[in-house]
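K.L.:
starting from these lines, generate the structure:
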Amino acid sequence: MTHYICMTCGVQYADSATPPEKCLICTDDRQYVKEEGQFWTTLEELQKKHHNTFETVEPHLTAIRAEPLFAISQRAHLIQTPEGNVLWECHSLIDDETVAAVQEMGGLTAITISHPHFYDSMVEWSHALGGVPIYLHADNQPWVMRPDPVIHYWEGETFSVNSDLTLIRCGGHFPGSTALHWAAGADGKGVLLTGDTMMVVADRNVSFMYSYPNYIPLNASAVRRIVDAVLPFNFDRVYSSWPDKVVAANGRSTVIHSAERYIQHIRD
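P.N.:
Numbers count the residues shown, from 1 in each chain. Next up is the predicted model:
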């Protein structure tokens, strides 16, 4: 039995004797199946061809990314706090070298993930790092392709991972799409890590989409809900999950302006 990994989205599935007939993540209209068809790999195959890189993004925030790039190519972010380290987002590759590097940085106390496109090999990451809990919003449970006891589903609008880190349900991209507020980030001014619930764009504003690869926008009420969810929190900096996708300052006012701009352009 094998835990197959979709080569388009990177999500790992429950064990099976043969690859699944289709990837339920990719056949959803937020994602896509490549024109040449559905292809699968395994963690063992990825470990032969890829390795993880570590980059300091700011003090106590480290990005982890697979090279060569694979699937959606997002970065995970390891946040170091006085109450333990937390991994924000995940990707498909975990290996002995990555485990050793994470342990050298203090290990993990939890894994948190914004939405199903980044669930990837989350269970493998947890098992390799001591069975740490994975916190996912309950509204996204239907898209968990590899259930496991390490997964804990939280409900409601916010969840405190520890006194410094708060998960915020924003919705929009998925019903349980989540952002992470890091109060001590940006020298105490606050950081918001958004996955692609809000995507930092070329002019260093943010945008909002139901589907990024298929260019399906969100409606005005969904955008307002996302913004209303994060505005109770103070943050100066915004990170999406790819290199250079950062609003370096004035993040809160940037989010407000970006939402107003977006709604203006989708209005009849």
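
K.L.:
could you measure from the most centrally placed residue in the chain over to Asp120?
P.N.:
Nearest residue to the geometric centre of the chain (CA atoms, centre = their mean): Glu89, 3.6 Å. Applying CB to CB, to the nearest Å, the value for Glu89 to Asp120 is 9 Å. (Each C-beta comes from the backbone N, C-alpha and C, glycine too.)

K.L.:
surely the residue nearest to the centre of the chain and Leu78 touch.
P.N.:
No - Glu89 is beyond contact range of Leu78, at 9.8 Å (criterion: CB atoms under 8 Å).

K.L.:
low-confidence ranges in this structure?
P.N.:
Scanning the chain for pLDDT under 70 picks out nothing.

K.L.:
could I get the full set of helices for it?
P.N.:
43-49, 96-104, 122-128, 220-230, 251-266 (DSSP state H).

K.L.:
list the contacts for Arg204?
P.N.:
Taking CB atoms under 8 Å, 6 or more residues apart in numbering, we find Arg204 in contact with 246-248, 254.

K.L.:
contacting residues for the residue lying farthest from the centre of the chain?
P.N.:
What lies farthest from the middle of the chain is Asp268; by CA atoms, centre = their mean that is 32.2 Å. With contact set as CB under 8 Å, 6+ apart, Asp268 has no partners.

K.L.:
coming back round to it: quick one: which of the contacts of Arg204 is most hemmed in?
P.N.:
In terms of neighbours by other CB atoms under 10 Å, the contacts of Arg204 top out with Val247 at 26 neighbours.

K.L.:
is it true that that residue touches Val200?
P.N.:
Yes - Val247 lies in contact with Val200 (CB under 8 Å); the separation is 5.7 Å.

K.L.:
who touches both of those two?
P.N.:
206, 238.

K.L.:
just to revisit the earlier point, want to throw the helices of the chain into JSON lines with distance to Thr18?
P.N.:
Putting the helices of the chain into JSON lines (distance: least, CB to CB, whole Å) gives the following:
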{"stretch": "helix 43-49", "distance to Thr18": "16"}
{"stretch": "helix 96-104", "distance to Thr18": "28"}
{"stretch": "helix 122-128", "distance to Thr18": "20"}
{"stretch": "helix 220-230", "distance to Thr18": "38"}
{"stretch": "helix 251-266", "distance to Thr18": "44"}
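
K.L.:
most packed of the ones you listed?
P.N.:
helix 122-128 (a mean of 22; mean count of other CB atoms under 10 Å).

K.L.:
just checking, what packs against it?
P.N.:
Contacts defined by 3 or more CB pairs under 8 Å, 6 or more residues apart in numbering; DSSP states H and E place helix 122-128 against strand 110-112, strand 134-137.

K.L.:
who's in contact with it?
P.N.:
3, 12, 43, 87, 90, 94, 98-99, 111, 113, 132-134, 146, 148, 150-151.
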